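A.B. asks: Got a predicted model here, sequence first, then my questions.
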Amino acid sequence: MKWTTGALALSVGLCMAAAAAAEPWTDWIPAKGATEVVTIQVDPNHIDDYLSGIGKGWVREQELAKKHGIIDWYQVMVKLNATGGSNVVLIVHYPTLANLEPDKARDQAMLAESRAAMSKEDSDKQIAGYDKYRTFVSDDIWTGVDYPK
């Protein structure tokens with residue numbers, strides 16, 4: 001028993017020493033940009049409704065953000081297995097964290113373009129029913145890690 005406890009303590013100590021010795025920019029490299037991951041729980045009977053709706057609204061907004069260089073890609077994912085929790089994921093990649101900063105001229109121009117495609121009233125009407133069958137689970141911003149070759 002003492003030998004097992006001693007071996008475990010030694011293993012933990014070595015792992016902690018290795019973790020303490022890890023150096024950013026040497027052992028790992030922070031990647032540029034950030035990925036926003038929004039997880040959503042949608043009533044399984046309304047997934048088609050939700051996907052159709054975000055295709056007319058959210059996707060259009062992401063295309064506008066791409067056009068203005070704010071993001072470089074986005075993706076919608078749907079969970080195939082029926083376990084609990086979130087079942088729709090919206091993913092957006094910002095090539096630089098600077099794109100998350102507000103820019104009055106850019107933001108107002110994008111709002112004008114968005115409103116030209118769909119009025120605020122029509123947009124509000126489109127998303128009004130979502131809250132009956134959609135719950136946001138998380139909205140996280142991730143950054144990648146690269147490793148030296």
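C.D. replies: In hand now; what should we look at?

A.B. asks: Whichever strand or helix holds Met77: how far from the chain's middle?
C.D. replies: Using DSSP states H and E, the element containing Met77 is strand 73-78. Between the centre of strand 73-78 and the centre of its chain there are 9 Å (C-alpha atoms, centre = their mean, to the nearest Å).

A.B. asks: Convert the next helix or strand after that strand to CSV, retaining C-alpha atoms only.
C.D. replies: The helix or strand immediately downstream of strand 73-78 is strand 88-94, counting by DSSP H and E. The C-alpha coordinates for strand 88-94 follow below in CSV (Å, rounded to 0.1, in the frame of the first residue of the first chain):
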residue,chain,number,x,y,z
VAL,A,88,-27.6,22.2,-32.5
VAL,A,89,-24.2,24.0,-32.6
LEU,A,90,-23.5,27.3,-34.3
ILE,A,91,-19.8,27.8,-35.0
VAL,A,92,-18.1,31.0,-36.2
HIS,A,93,-14.4,31.6,-36.8
TYR,A,94,-12.9,35.1,-36.4
